[in-house]
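> the sequence and its predicted three-dimensional model are supplied below.
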Amino acid sequence: MADRQITYLTDALIITCIVQASHADTVVKAAQNVGAQGATVTYARGTGVRERMGLMGVTIDEQKEMVRIIVSEEQADRVFEAMYLAGELDKPGMGIMFMNKLDRIATYIPDEVLAEADKPKAKPKPKKRKTATRRPIKKAKK
Amino acid sequence: MITEIGAFMHKGAGLELMNELHGDKDILGIFVEAGRTEDLFAYREFGSASENDIVTILVENRHATKIFDLICSKIGLDKPQRGMVFQMPLHKQPK
């Protein structure tokens, strides 16, 4: 047990998207198309917009699906936008989504990946600067 | 300040974890949800997805690392296909 170590990953965000039941797969596919690994989906029941929409509210499913995706900071905005568009969240009653920054993550990381990450990175060679060269100015002949 | 620790794990493991940790004085709240996941586990009961549990734990900041590491060891994250644990700050809390 003593040799077990936890590697913390940082610079990640969790995207949570709440949509009507059976819409989660569309949203997850869109996220995967732009680089997300996958998603975790749970079932929930929602209220609020449905009641405020009056008669139109009956068209909104009370049953919801909640999609959670953990992404790196670099891909967060891209995945967020893709999910928003795929879920048609710009239409009333379709759902809501938000993003939270994570302090840290832990999961299984293969030894070879850890070894690669521990390798000291080679310093990039400094670019040669173009130095200004002085040339003698020829005097114009009179 | 309170922090949230979330964990994705195999179906059934969430309830076990809750039963083990619910007596811990440092834990303010612990909740388990059931769902499906597409990328965490290779064994998939539903074609492209497998069943999983999502555990949410609320702890004070000063106990967060201890509880986080405890969950990691309980799940067994040194082996593949065990899930994922994450920590998220909560900026506002009821007085």
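Nice, I can see it. Residues are numbered from 1 along each chain as shown, chains lettered A, B, ... in the order given.
> I figured residue A:105 hits residue A:12, correct?
Yes - distance between residue A:105 and residue A:12: 5.4 Å, which falls inside the contact criterion (Cβ atoms under 8 Å). C-beta here means a position set from N, CA and C on the backbone, and glycine is covered the same way.
> who touches both of these two?
By Cβ atoms under 8 Å, 6 or more residues apart in numbering or on different chains, residue A:105 and residue A:12 have these common neighbours: A:70, B:86.
> what about the two, which has more around it?
residue A:105 (20 against 17; other Cβ atoms under 10 Å in any protein chain shown).
> pretty sure the more buried one is in a helix, no?
No - per DSSP: H, G, I helix; E, B strand; the rest coil, residue A:105 lies outside any helix segment and is strand.
> give me the next element, helix or strand, following the helix or strand hosting residue A:70.
Assigned by DSSP states H and E, residue A:70 belongs to strand A:63-72. Next along the chain after strand A:63-72, taking DSSP H and E as the criterion, comes helix A:73-86.
> counting neighbours, what do you get for the closest residue to residue A:32 other than its chain neighbours?
Leaving aside its chain neighbours, residue A:32 sits nearest to residue A:38 (6.8 Å; criterion: Cβ to Cβ, 6 or more residues apart in numbering or on different chains). Residue A:38 has 17 neighbours, counted by other Cβ under 10 Å.
> tell me the secondary structure of residue A:38, please.
Per three-state DSSP, residue A:38 ends up coil.
> how near is it to residue A:68?
In this view, residue A:38 and residue A:68 are 10 Å apart by Cβ to Cβ, to the nearest Å.
> other residues contacting the helix or strand harbouring residue B:67?
Under the criterion of DSSP H and E, residue B:67 resides in helix B:61-75. Contact with helix B:61-75 is made by A:4, A:6, A:103-104, A:106, B:1-3, B:5, B:7, B:9, B:13, B:17, B:20-21, B:24, B:26-27, B:55, B:57, B:59, B:82-83, B:85, B:87, as judged by Cβ under 8 Å, 6+ apart.
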